[in-house]
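Visitor: okay, structure incoming, though there's no sequence with it:
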């Protein structure tokens, strides 16, 4: 101990100690700067990777939606073919109309080749759309589509090329959040599609509008946002639904005189037949399954990603986690929408609400990068 | 000139001499830290610029041939950190969409035979999305402090990949 004291008191020892302290401080500064710089660079790379992976997967999604349009053309051709076959079958009964209607209907049913059903079955398995079955009243399960699976595969490939860890747990796509039923369903590759029924093409009776006045502004509510106000003096009095997450929930509303600001739809305009007349046909057309259309109204196609970058930050064995989302916009999917431009993919800021419902890895923040410490 | 004999005056002179000796070293290290920071800024800006050009590619507003120019434009106020004309973008994996204008040998052409692409937006093509994997490199202007270390300049490199739909430009 005495020798250490003597050495530290000597000028030579003091110089050595000072040099060691000096070196330590600058080493710490350099190391900290290096680690911070590397982490910042990796964060930027992760953010870029997240955006590019999503845009790439979104492009595959958009390509799939264009394919839905093509398949709907095929479906319409098959419907036309089926109708032609049925038309030929009922042709001999036409002179005896209307007395021969029952026989004609039987003949048409027997002559129906159901080609459209085969095309719909292909569409169902190709794009992962539940095909309604008239015999089943419960909810038809959604098949795992070939194209959505391809979409997931291409997304993971793009993630690997952009520097994400190539494992399903570290790159997770969420489909059409928050429209799925539960958090598990949004992880199954999905294109947010459904089969349209024939009655949906008929014009609908425009539903009345309701409004209330608050703070100098008039607020409007649709038919499904109001309920009877249970007013014994005026049984027709309506109010804003009390279970709505609205500051006006429970407040009385008045019925507006105007119904549909756009006016009558093209079918009503061209035929002169009102929606109430079309309603007579609705029960007959309800069970006829037609082409593929958007599941949500208005259309909503979105893709979100939570991915962890490859490599490590500092001593901890984990990279950055990044979340982002894209939406696809592009119009209708019907056969007559084939001339519309292709779907466009847009990056969007992650909305917080849907993510909070998901069981995420600890350390994930919303809409920004987060660093997860190794446990 | 007489030598000071007062011990306190002797100590002051020693401290001044030590400070004078240590000051260049401290300044050198402080300068190194500042330049080191600029290197990291350049790296982050480079990564960001590559992401921006890839996004423009996906949006259909930038062709891969113009990636180097696009990256340089995206440097913004950090252009001075990079050597002019030093940015190169190399196609690593052409993916589905071959880079337009790039000539390939017949063997390469045969090995890249894919499903036919549409010539009209109404004609269906099996996979009408294109893209690739690119490697971008840029040479950073070496700060004076690092000249002995990086005589040939410091090259930053990154890889990025993107797909876009439709893979071809619309007529």
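Guide: That came through, no problem. Computed from a predicted model, the values in this text were never measured in an experiment.
Visitor: could you count how many residues lie near residue A:11?
Guide: Residues lying near residue A:11 (other Cβ atoms under 10 Å in any protein chain shown) number 8. Quick note: C-beta positions are derived from backbone N, CA and C, even for glycine.
Visitor: quick one: the strands in chain A, in order.
Guide: A:171-175, A:193-197, A:210-214, A:217-221, A:226-228, A:238-240, A:252-255, A:289-294, A:301-308, A:320-329, A:344-348, A:370-371 (DSSP state E).
Visitor: take those and lay them out in TSV including distance to residue A:117.
Guide: Output for the strands of chain A, formatted as TSV (distance: least, Cβ to Cβ, whole Å):
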stretch	distance to residue A:117
strand A:171-175	27
strand A:193-197	11
strand A:210-214	42
strand A:217-221	41
strand A:226-228	40
strand A:238-240	43
strand A:252-255	44
strand A:289-294	8
strand A:301-308	26
strand A:320-329	29
strand A:344-348	33
strand A:370-371	49
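Visitor: name the residues linked to residue A:164 by a beta bridge.
Guide: Applying DSSP bridges to residue A:164 yields these beta-bridge partners: residue A:309.
Visitor: now do residue B:162
Guide: With DSSP bridges as the rule, residue B:162 is bridged to residue B:132.
Visitor: burial measure for it, as a count.
Guide: 28.
Visitor: what does chain B put close to chain A?
Guide: B:22, B:29, B:33, B:36-37, B:39-40, B:43-44, B:47-48, B:50-51, B:54-55, B:58, B:93, B:121-122, B:124, B:127-129, B:131, B:133, B:158-166, B:170 (Cβ under 8 Å from any Cβ of the partner chain).
Visitor: now which of those residues would you call buried?
Guide: Buried members of the residues of chain B next to chain A, counted by 16 or more other Cβ atoms under 10 Å in any protein chain shown: B:29, B:36, B:39-40, B:43-44, B:47-48, B:50-51, B:54-55, B:58, B:121, B:124, B:127-129, B:131, B:133, B:158-166.
Visitor: distance check, the closest residue to residue A:209 other than its chain neighbours against chain B.
Guide: Closest residue to residue A:209 in three dimensions, ignoring its sequence neighbours and counting by Cβ to Cβ, 6 or more residues apart in numbering or on different chains: residue A:256, at 4.1 Å. Plainly put, residue A:256 is 42 Å away from chain B if you go by Cβ to the nearest Cβ, to the nearest Å.
Visitor: again, but for residue A:131
Guide: Residue A:131 is 22 Å from chain B, by Cβ to the nearest Cβ.
Visitor: how many residues are close by that residue?
Guide: Neighbour tally, residue A:131, other Cβ under 10 Å: 17.
Visitor: run a quick check on it versus residue A:145, I expect a contact.
Guide: No: counting by Cβ atoms under 8 Å, residue A:131 sits too far from residue A:145 to count as a contact (11.5 Å).
Visitor: joint contacts of those two?
Guide: residue A:124 (Cβ atoms under 8 Å, 6 or more residues apart in numbering or on different chains).
Visitor: list the contacts for the residue nearest the centre of chain A?
Guide: Chain A has residue A:176 as the residue nearest its centroid, 2.2 Å off, counting by Cα atoms, centre = their mean. Listed by Cβ under 8 Å, 6+ apart, the contact set of residue A:176 reads A:186, A:190, A:192, A:295-296, A:300-303.
Visitor: between the longest helix along chain A and strand A:344-348, how many degrees?
Guide: Under DSSP state H, the helix in chain A containing the largest number of residues is helix A:11-90. Orientation of helix A:11-90 against strand A:344-348 (axes from the mean of the first three to the mean of the last three Cα atoms, to 10 degrees) gives an angle of 140 degrees.
Visitor: is helix A:11-90 in proximity to chain B?
Guide: Yes: using Cβ under 8 Å from any Cβ, we find that helix A:11-90 touches chain B at A:22, A:26, A:29-30, A:33-34, A:37-38, A:40-41, A:44-45, A:47-49, A:51-52, A:55-57, A:59-60, A:62-63, A:66-67, A:70.
Visitor: where's the residue most central in space within chain B, which helix or strand?
Guide: When Cα atoms, centre = their mean is applied to chain B, the residue found nearest the centroid is residue B:46 (3.7 Å). Using DSSP states H and E, residue B:46 maps to helix B:7-58.
Visitor: what angle do that helix and strand A:320-329 make?
Guide: Orientation check (the same axes, to 10 degrees): helix B:7-58 against strand A:320-329 gives 30 degrees.
Visitor: can you check the pLDDT for residue B:9?
Guide: For residue B:9, the pLDDT comes out at 65.
Visitor: same question, residue B:83
Guide: 83.
Visitor: how about the residue nearest to the centre of chain B, what does it touch?
Guide: B:71, B:75, B:82, B:136, B:138, B:156, B:158.
Visitor: does the fourth one touch residue B:52 like I think?
Guide: No: taking contacts as Cβ under 8 Å, residue B:136 lies outside contact range of residue B:52: 11.6 Å.
Visitor: so which of these two has more stuff around it?
Guide: Taking other Cβ under 10 Å, residue B:136 and residue B:52 do not tie; residue B:136 has more neighbours (22 against 19).
Visitor: that one - that's part of a strand, no?
Guide: Yes: counting by DSSP: H, G, I helix; E, B strand; the rest coil, residue B:136 is part of a strand.
Visitor: can you name the residues bridging to it?
Guide: residue B:89, residue B:158.
Visitor: residues touching it, list them.
Guide: Counting by Cβ under 8 Å, 6+ apart, residue B:136 touches B:46, B:50, B:67-68, B:71, B:87-90, B:157-160.
Visitor: going by distance to residue A:108, which of those residues wins?
Guide: Nearest to residue A:108 among the contacts of residue B:136, counting by Cβ to Cβ, is residue B:160 at 58.5 Å.
Visitor: where's that closest one, which helix or strand?
Guide: In this assignment (DSSP H and E), residue B:160 forms part of strand B:154-164.
Visitor: kindly reformat the contacts of residue A:176 as JSON lines containing pLDDT, distance to residue B:148 and neighbour count.
Guide: Putting the contacts of residue A:176 into JSON lines (pLDDT from 0 to 100; distance: Cβ to Cβ, whole Å; neighbours: other Cβ atoms under 10 Å in any protein chain shown) gives the following:
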{"residue": "A:186", "pLDDT": "84", "distance to residue B:148": "56", "neighbour count": "22"}
{"residue": "A:190", "pLDDT": "91", "distance to residue B:148": "58", "neighbour count": "27"}
{"residue": "A:192", "pLDDT": "92", "distance to residue B:148": "60", "neighbour count": "21"}
{"residue": "A:295", "pLDDT": "89", "distance to residue B:148": "64", "neighbour count": "19"}
{"residue": "A:296", "pLDDT": "85", "distance to residue B:148": "63", "neighbour count": "13"}
{"residue": "A:300", "pLDDT": "88", "distance to residue B:148": "59", "neighbour count": "16"}
{"residue": "A:301", "pLDDT": "92", "distance to residue B:148": "56", "neighbour count": "26"}
{"residue": "A:302", "pLDDT": "91", "distance to residue B:148": "53", "neighbour count": "24"}
{"residue": "A:303", "pLDDT": "91", "distance to residue B:148": "50", "neighbour count": "28"}
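Visitor: nice, that's everything, thank you.
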